[in-house]
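Quick one, what's the 3D model for this:
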Amino acid sequence: MATFKSKSLLTLCCAVLLTGCNTVVMNPAGDIAHQQSHLLLISTLLMLIIIIPVISMTIWFAWKYRKNNAKAIYEPDWDHSTRLEILIWGAPLLIIIALGTLTWINTHNLDPYRPLSRLYKNHPIPINAKTLEVEVVSLDWKWLFIYPQQGIATVNELAAPINVPIHFNLTSSATMNSFFIPTLAGQIYTMPSMQTSLNAVINQPGKYNGFSANYSGSGFSEMNFKFYGMTGDAFNNWVKKIQNTDHKLDRVGYLKLERPSIKEPVSYYGSVEANLYHDILNRCIASAVDERN
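This is a model prediction of the structure:
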């Protein structure tokens with residue numbers, strides 16, 4: 001009895017502690033992630049239409065037809081009911097059709113390569129809206145973010161203005177990885193010599209977590225970064241602050257940065273050598289440096 005009470009108390013304590021967790025996947029700050037969370041919620045509710053009755057009836061049948069229940073009707077020759085067959089097969093079939101249709105539509109609407117059609121619900125993208133371009137490189141074990149329009153780069157820190165479309169081009173230096181900011185959008189893979197794309201938008205200012213979602217070696221667990229959603233003015237000030245730094249990211253500097261390191265501190269580069277991302281993508285940084293020498 002004491003053991004049972006202890007386990008019950010532990011379960012209750014865990015439940016209370018979990019109520020304080022921030023379920024960012026279901027309460028995101030970006031429209032794409034919001035649509036994805038809505039899809040998860042609707043899909044779960046549709047599946048519960050089958051799961052709840054099945055579990056409930058399983059418990060009820062076990063109780064009703066228990067060995068010592070003499071009132072239960074015993075029908076050893078019963079083997080078929082058209083109504084039950086229609087219910088048993090029809091309901092799951094309808095759920096599968098609904099889930100399939102919902103998933104098919106949203107898979108295309110939320111394709112990471114597809115340009116955004118809105119900033120948030122009932123608010124289409126203005127005709128004159130400018131898209132923020134960000135080039136992402138996954139390194140061992142850190143993240144490099146290049147802003148070609150602003151001519152700056154950062155390591156392990158990403159920022160974007162709210163309600164502005166963001167277009168990411170992503171690649172990797174050596175190891176396959178996965179770029180994931182739960183509050184912004186779903187994860188997207190990065191691969192050497194290949195480029196993937198992600199379109200997203202952040203709608204609320206704040207400080208959010210980003211990380212690697214694909215195991216890539218001993219430093220994987222420390223491959224994290226902060227993503228800042230900022231107002232337009234705050235983002236412009238952030239860009240100016242970085243532009244005023246003296247550090248320049250050239251090909252020689254990139255080769256040093258590319259070396260494996262764990263818990264790499266945030267660093268800023270006030271300028272970036274032209275076509276650096278292009279050469280990273282095509283894996284010709286070293287050859288370009290050798291030609292210069």
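
Now do the contacts for the residue positioned nearest the centre of the chain.
Geometric centre of the chain, nearest residue: G186, 3.0 Å, by Cα atoms, centre = their mean. G186 makes contact with I32, A33, Q36, L110, P112, F180, according to Cβ atoms under 8 Å, 6 or more residues apart in numbering. All C-beta spots, glycine's among them, are computed from the backbone N, C-alpha and C.

Next, find the distance separating it from S218.
26 Å (Cβ to Cβ, to the nearest Å).

Count the residues that sit near H38.
Neighbours of H38 under the rule other Cβ atoms under 10 Å: 13.

can you confirm L144 is in a strand?
Yes - the assignment for L144 is a strand, going by DSSP: H, G, I helix; E, B strand; the rest coil.

my read: it touches V136, true?
Yes - the criterion here is Cβ atoms under 8 Å, and L144 meets it with V136 at 7.3 Å.

For the nearest residue to P165 once chain neighbours are set aside, give its distance to Q149.
Nearest residue to P165 in three dimensions, chain neighbours excluded: T131, at 4.4 Å (Cβ to Cβ, 6 or more residues apart in numbering). Distance of T131 to Q149, given as Cβ to Cβ: 9 Å.

Over to Y65?
Relative to Q149, Y65 is positioned 70 Å away (Cβ to Cβ).

Same check on A62?
Distance, A62 to Q149, using Cβ to Cβ: 64 Å.

Equivalent analysis for W238, please.
Distance of W238 to Q149, given as Cβ to Cβ: 14 Å.

Counting neighbours, go ahead and name the busier of those two.
More crowded of W238 and Q149, by other Cβ under 10 Å: W238, with 20 against 11.

In this model A159 seems to touch the more buried one, though I could be wrong.
Yes - contact criterion Cβ under 8 Å: W238 and A159 qualify, at 5.4 Å.

what sits in contact with each of those two?
Y228, M230.

hang on, the earlier thing: more crowded one of L144 and V136?
L144 (25 against 22).

Find the nearest non-adjacent residue to the more buried one, please.
Using Cβ to Cβ, 6+ apart and skipping residues adjacent in sequence, the residue nearest L144 is V137, 4.2 Å away.

got it, and Y147?
In this structure, Y147 finds its nearest non-sequential neighbour in V134, 6.1 Å apart by Cβ to Cβ, 6+ apart.

Beta-bridge partners for Y228, please?
Y228 has these beta-bridge partners by DSSP bridges: A159, K207.
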